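**Student:** Could you look at this predicted model? Sequence included:
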Amino acid sequence: MLDDGSTGSTPSEPETSPGPRTASLPATMQALTFDRSREEWARSTGLVKERVPTPTLDEPEGADRSHVIIQVMYAGFCGSDRGIWWRKAFGDMILGSLDEEGRDKRIVGHEMLGRIVAVGERVGEKYGYQVGDVVSTESHIICGTCFQCRVGDTHVCARDKIIGISTDGCFAEYVKLPAKSLWPTDLTRIRPEVAAVQEPFGNAMHACQVTELRGKRVAVIGCGTIGLFAILIARGMGASQVIGVEIDPHHAELARKLGADVVLSPGLPDPAAMHKSDPALIERIHELTDGTGVDVAMEMAGFNSALNNSIKMTRRGGHVVMFGVKNGDAVIEDIHRVVMNGLQIHAVVGRRIFETWELVRNLLENKGNGIQDAIWEVILGGGGDALVDFATWDRDDFERRIQQHPKVVLRIAGH
């Protein structure tokens with residue numbers, strides 16, 4: 001916990017005088033980057049730790065009047081970041097945004113907890129934030145003016161920017177963000193390492209909001225970080241049965257610890273037909289559900305075979321929630337059965353801003369439900385090897401950790 005008495009519970013009262021509030025910041029900082037002038041996307045992996053310019057607020061003109069600079073305390077390494085590390089996802093967005101900016105370098109990372117160290121001249125009056133406030137952030141920076149934003153579907157803003165993908169992110173000592181995207185965080189109610197992963201927990205929360213889970217039989221296909229969060233939430237929302245599907249033995253054991261009634265291992269798909277479902281898995285799911293199938297299948301893996309498994313294990317009239325992401329095309333088996341079985345397929349991205357964040361706050365700050373403790377003790381392993389000191393970050397050691405743990409958190413300026 002922080003030892004300076006700061007809670008960051010709510011935005012502070014607006015300052016009475018105009019102008020920026022700025023701490024004395026170093027000219028450069030350490031950050032984890034991808035640089036296309038240094039490495040080719042398709043022929044490289046990983047990130048490089050290097051010294052880059054510290055962000056500044058260019059007062060008094062421009063959008064920086066409503067921006068803040070945050071000293072990053074903790075930053076979570078996400079499944080999206082794994083896709084970037086292994087060059088399996090988001091390359092088009094990163095390269096396209098660099099083209100737009102006329103730059104070569106992108107600072108990665110979008111899950112964070114930090115302390116505000118500088119504010120633009122409009123931030124206090126408009127948003128109530130001051131230097132010293134502790135915040136997390138919504139990773140989708142929305143435009144507020146497109147059709148989706150105007151009708152309340154801000155999570156699918158047509159012109160959004162994603163922190164760490166289409167704009168610089170938080171795997172760095174400092175990050176500049178718009179105040180409108182920030183989320184105040186009360187460190188007397190939530191430990192900081194868990195507060196750093198509110199954003200991905202919100203992904204799972206949004207996926208679990210799509211349809212009623214109370215009293216339902218739910219399968220979670222892919223028990224990575226978001227899948228593990230979904231198991232916690234589904235159980236917390238009253239699902240009558242939670243079935244995990246996970247090939248990795250360690251992740252399967254974590255799923256059991258978090259409340260899955262049973263965890264099944266799917267068969268590996270035929271290399272010549274990677275899209276095909278696993279008949280043995282589907283048969284076992286039906287045995288566990290009295291021959292009916294699950295009410296809700298949550299596809300969290302992003303593999304074509306996992307999608308077809310999800311469709312085939314779901315009962316007639318049931319729901320398939322698609323959250324897993326992977327570039328390229330997919331093949332759906334027996335597509336006529338999707339129609340004839342009356343399946344409802346939902347694609348989920350991001351979080352509803354800020355409705356989902358309110359639900360996340362309620363779940364995580366309620367110590368009685370055990371969810372915060374489960375995240376810390378099971379998913380984050382109580383710290384230990386899943387907590388990485390940024391000052392001594394080593395590429396090879398970090399790669400080992402992200403392969404062994406469902407969630408790794410960088411400790412940057414946290415205690």
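**Tutor:** Yes, it's here.
**Student:** got the contact list for residue 77?
**Tutor:** Contact analysis of residue 77 by Cβ atoms under 8 Å, 6 or more residues apart in numbering lists 109, 111, 402, 407, 408, 409, 410. C-beta here means a position set from N, CA and C on the backbone, and glycine is covered the same way.
**Student:** Mind jotting down where the helices sit in the protein?
**Tutor:** 79-85, 91-101, 123-127, 147-150, 192-195, 198-209, 225-236, 249-257, 279-288, 304-313, 335-340, 355-365, 371-374, 395-404 (DSSP state H).
**Student:** tell me what the second one is packed against?
**Tutor:** Going back to what we said before, that points to helix 91-101. With contacts taken as 3 or more Cβ pairs under 8 Å, 6 or more residues apart in numbering; DSSP states H and E, helix 91-101 sits against strand 105-107.
**Student:** strand partners of the strand it packs on, parallel vs antiparallel please.
**Tutor:** Strand pairing for strand 105-107, using DSSP bridges, gives strand 28-35 (antiparallel).
**Student:** Name the residues that touch the partner strand?
**Tutor:** 41, 47-54, 84, 94, 104-109, 171-174, 390, 393.
**Student:** Give me the subset of the contacts of residue 77 that lies in strands.
**Tutor:** Those of the contacts of residue 77 mapping onto strands are 111, 408, 409, 410, per DSSP state E.
**Student:** re the thing from before, buried subset of the contacts of residue 77, written for ChimeraX?
**Tutor:** To isolate the buried members of those in ChimeraX, using 16 or more other Cβ atoms under 10 Å:
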select :109,111,402,407,408,409,410
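**Student:** Now render the contacts of residue 77 as a markdown table, adding pLDDT and distance to residue 331.
**Tutor:** Below are the contacts of residue 77 laid out as a markdown table (pLDDT from 0 to 100; distance: Cβ to Cβ, whole Å):
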| residue | pLDDT | distance to residue 331 |
| --- | --- | --- |
| 109 | 98 | 33 |
| 111 | 98 | 32 |
| 402 | 96 | 29 |
| 407 | 95 | 31 |
| 408 | 97 | 33 |
| 409 | 98 | 37 |
| 410 | 98 | 38 |
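**Student:** which among the contacts of residue 77 gets closest to residue 351?
**Tutor:** Residue 351 lies nearest to residue 111 out of the contacts of residue 77, by Cβ to Cβ, at 12.0 Å.
**Student:** buried set for stretch 113-126?
**Tutor:** For stretch 113-126, using 16+ other Cβ under 10 Å, the buried residues are 113, 114, 115, 116, 117, 118, 119, 120, 121, 122, 123, 124.
**Student:** Touching, residue 68 and residue 180? I think so.
**Tutor:** No: with contacts counted by Cβ atoms under 8 Å, residue 68 stays clear of residue 180, the gap being 10.3 Å.
**Student:** Who has more neighbours out of these two?
**Tutor:** Remark: of residue 68 and residue 180, residue 68 carries more neighbours, 29 against 15, as counted by other Cβ atoms under 10 Å.
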